[in-house]
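Trainee: the sequence isn't on hand, but the structure is:
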C-alpha cells in the first residue's frame, strides 16, 4: 500500500465507515417490528463517498456482526440476527451501498438523488421481504409495517446523506 494513495484511502474510509455504521446502530429507537437506527444514513453515505468501493465497509460490517462482533443495533451480534426479523434490512445494506456508489460515479445530481432513493428502497424491500418470510407476516402487513412507516425517516436520512456527500471532496 505504500505509495498507493487510492488504496490507502479505501482502507481508511472502510475503517471509518464500519465504525460510523456501528455507532449509527447504537442510535436505536425501539419500534415494531424492527428498530429505527441511523445505520441507513451511514450505509448510503459510504456509497456516496467511496463510490463503488462503498460496498466494502458495508459488507465488512455485516460480516463482523455475523461472526459475533457486537456491531448490530444495541450491541447484538451473531448469525441469528441475520436470520431474525431485521436480517433482510442488514443484508439489503450491501446492494444499497453498491447502487448508491454506482450512481455517485456519475456527475449528475439527479443520478445521485436517484441512487440514494433506490438504495433506500432496496433496503426497505429486502427487509420487508425477509420480514414476511421469517415471521410469517402477510405481504401487505410487511409492506405497511416494514416499508411504509419507514419512508419518512429514510427520506430524511437520504436527504442528509446527499447534503453531507455534497460538502465532502
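Mentor: Thanks, I have it. Because the structure is predicted, anything quoted here is derived from the model rather than measured.
Trainee: how far off centre is the longest helix along the chain?
Mentor: The longest helix of the chain (DSSP state H) is helix 109-135. From the chain centre to the centre of helix 109-135 is a distance of 9 Å (C-alpha atoms, centre = their mean, to the nearest Å).
Trainee: show me what that helix is packed against.
Mentor: Contact analysis of helix 109-135 by 3 or more C-beta pairs under 8 Å, 6 or more residues apart in numbering; DSSP states H and E lists helix 39-50, helix 87-104, helix 139-146, helix 151-167 as its packing neighbours. C-betas here are computed from N, CA, C, even on glycine.
Trainee: who's in contact with the last one?
Mentor: Read it as helix 151-167. If you take C-beta atoms under 8 Å, 6 or more residues apart in numbering as the criterion, helix 151-167 is touched by 36, 38, 40-41, 44-45, 48-49, 100, 104, 112-113, 116-117, 119-120, 123-124.
Trainee: just the buried ones from the residues you listed?
Mentor: 36, 38, 40-41, 44-45, 48-49, 100, 104, 112, 116-117, 119-120, 123-124 (16 or more other C-beta atoms under 10 Å).
Trainee: partner strands of the lowest-mean-pLDDT helix or strand in the chain, with direction?
Mentor: When each helix and strand of the chain is scored by mean pLDDT, DSSP states H and E, strand 28-29 comes last, with a mean of 76. Under the criterion DSSP bridges, strand 28-29 sits next to strand 36-37 (antiparallel) in its sheet.
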